[in-house]
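Enquirer: mind folding the following:
(one chain, ligands or ions: 1)
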Amino acid sequence: MKNLKTFTTTLLAGVAFAGAAAACEITLRSSDTHPEGYPTVAAVEHLGELVKERTDGRVCVEVYHSAQLGEEKDTIEQTQFGVIDMNRVSMGPFNNIIEETKVFSLPYIFRSTEHMHQVLDGEIGQDVLAAFEDHDLIGLAYYDAGARSFYNSQKPVKTLEDLKGMKFRVMQSDVFVDMVSALGGNATPMPYGEVYSSIQTGVIDGAENNWPSYESSGHFEVAKYYTLDQHLMVPEVLVMSKKSWEKLSAEDQEALREAARESVPFMRKMWAEREEASREQVLKAGAEIVEEVDKTAFIDAMKPVYEKHVTSDNLKQIVERIQAVK
Ligand code: GTR
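Expert: Residues are numbered from 1 along each chain as shown. As a prediction, the model looks like this:
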């Protein structure tokens with residue numbers, strides 16, 4: 001009996017020791033509105049594995065998915081304060097805080113996914129990421145978010161005329177409010193988590209998003225008419241609180257930057273697959289897609305959005321630089 005007790009004690013001590021050796025000295029909490037398995041969540045988890053490996057287990061990243069830490073706008077503030085260490089968010093909710101982020105939220109600013117990648121991977125992408133620093137944030141990486149299109153619970157929207165007077169939820173940014181107004185609709189900015197019930201109860205007619213979000217949020221269940229107008233390509237961004245960043249050694253900062261860079265191709269591959277899978281899933285579930293859309297009419301209608309929001313020399317220059325990218 002005594003022997004067994006000694007054996008158990010030794011065993012437990014061994015387990016505790018192994019646990020201590022592998023314990024993380026720093027655990028960075030990262031927020032995401034999306035559920036487990038969504039490409040943005042998987043990308044940050046992947047980044048976490050890389051960082052842990054490269055810091056010999058000292059720095060770990062814990063992803064709080066499914067909006068466990070709150071809705072995007074609130075989590076951004078908490079990240080600025082250092083309450084949340086990292087945050088994977090759309091560029092949209094930054095528009096009212098960081099002027100430069102508006103350019104990527106302009107309707108039809110990118111001609112294609114390739115064009116967007118060229119811009120984000122080059123100097124312009126770096127310049128816009130650098131703009132986060134003046135706002136207590138460090139921009140680490142961009143992730144894909146495909147193209148956003150309108151969907152609603154009422155009817156197939158085939159033309160601009162069909163959109164007139166309809167109520168759409170938008171992300172909390174003035175650019176998107178003006179975008180819906182320019183199309184003749186009524187915009188209601190609200191947090192992502194409130195959209196499903198708002199469509200269900202008829203507070204709004206619909207919203208706009210990419211295939212994976214339309215699918216994973218379940219919005220297709222309450223708004224089955226999806227119009228492939230692809231008016232926005234707003235990239236996702238991974239940011240870190242400057243306060244948390246400054247607590248890291250230069251070496252750990254570099255490990256984090258490197259892991260962030262490497263998580264991008266991982267995410268892009270996953271994203272392309274998920275776009276296809278989500279599209280198939282919603283179609284199977286009965287979503288009706290309007291594929292034939294006169295995009296020129298949509299593009300022309302968006303001119304007032306550019307006139308209102310691209311006013312400073314800074315933004316005018318960035319827009320010109322984006323347009324000049326082949
Ligand atoms: C998604 C995006 C989220 C969130 C959401 C929204 O496409 O990945 O970060 O911004 O859209 O519409 O609020």
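Enquirer: now this protein, which segments are flagged as low pLDDT?
Expert: For the chain, the stretches flagged by pLDDT under 70 are 1-22.
Enquirer: which positions in it make contact with the ligand?
Expert: By CB under 6 Å from any ligand atom, the residues of the chain that approach the ligand are 33, 72, 89-90, 92, 145, 171, 192, 209-210, 213, 236. All C-beta atoms are positioned from the backbone trio N, CA, C, and that covers glycine.
Enquirer: among those, which are in helices?
Expert: 72, 213 (DSSP state H).
Enquirer: can you say which of the residues of the chain next to the ligand are buried?
Expert: Listed as buried from those are 33, 72, 89-90, 92, 145, 171, 192, 209-210, 213, 236; burial here means 16 or more other CB atoms under 10 Å.
Enquirer: so which of those residues sit within strands?
Expert: Counted as lying in strands by DSSP state E, out of those, are 89-90, 209, 236.
Enquirer: which among those residues gets closest to the ligand?
Expert: Ser90 (3.3 Å; CB to the nearest ligand atom).
Enquirer: gap between that closest one and Leu183?
Expert: According to CB to CB, to the nearest Å, Ser90 and Leu183 sit 20 Å apart.
Enquirer: what's the answer for Asp313, then?
Expert: Asp313 is 28 Å from Leu183, where distance means CB to CB.
Enquirer: list the helices and strands the longest helix seen in the chain packs on?
Expert: In the chain, ranked by residue count with DSSP H as the criterion, the top helix is helix 250-284. For helix 250-284, the packing partners by 3 or more CB pairs under 8 Å, 6 or more residues apart in numbering; DSSP states H and E come out as helix 39-54, strand 59-64, strand 137-143, helix 211-216, strand 236-241.
Enquirer: the third one to strand 236-241, inter-axis angle?
Expert: Right, strand 137-143. Computed by axes from the mean of the first three to the mean of the last three CA atoms, to 10 degrees, the angle separating strand 137-143 from strand 236-241 equals 160 degrees.
Enquirer: gap between strand 137-143 and the chain center?
Expert: 11 Å (CA atoms, centre = their mean, to the nearest Å).
Enquirer: so what strands line up beside that strand?
Expert: As defined by DSSP bridges, the strand partners of strand 137-143 come to strand 236-241 (antiparallel).
Enquirer: please name the residues that touch the closest residue to Tyr143 other than its chain neighbours.
Expert: Computed as CB to CB, 6 or more residues apart in numbering, the closest residue to Tyr143 that is not its neighbour in sequence is Glu236, at 4.0 Å. Glu236 sits next to 40, 88-91, 142-145 when contact means CB atoms under 8 Å, 6 or more residues apart in numbering.
Enquirer: next: Leu256.
Expert: When contacts are counted by CB under 8 Å, 6+ apart, Leu256 touches 47, 51, 59, 140, 240, 248.
Enquirer: ok, now Ala277?
Expert: Ala277 touches nothing, counting by CB under 8 Å, 6+ apart.
Enquirer: and what of Gly122?
Expert: Residues in contact with Gly122 (CB under 8 Å, 6+ apart) are Val325.
Enquirer: so how far is the ligand from it?
Expert: Using CB to the nearest ligand atom, to the nearest Å, Gly122 is found at 23 Å from the ligand.
Enquirer: swap in Val128?
Expert: 17 Å.
Enquirer: leaving out the residues flanking it, which one is nearest to that residue?
Expert: Leaving aside its sequence neighbours, Val128 sits nearest to Glu100 (CB to CB, 6+ apart; 4.8 Å).
Enquirer: closest residue of the stretch 151-300 of the chain to the ligand?
Expert: Tyr192 (3.5 Å).
Enquirer: can you tell me the closest non-neighbouring residue to that residue?
Expert: Tyr192's closest residue in space is Thr33 (CB to CB, 6+ apart), at 5.5 Å.
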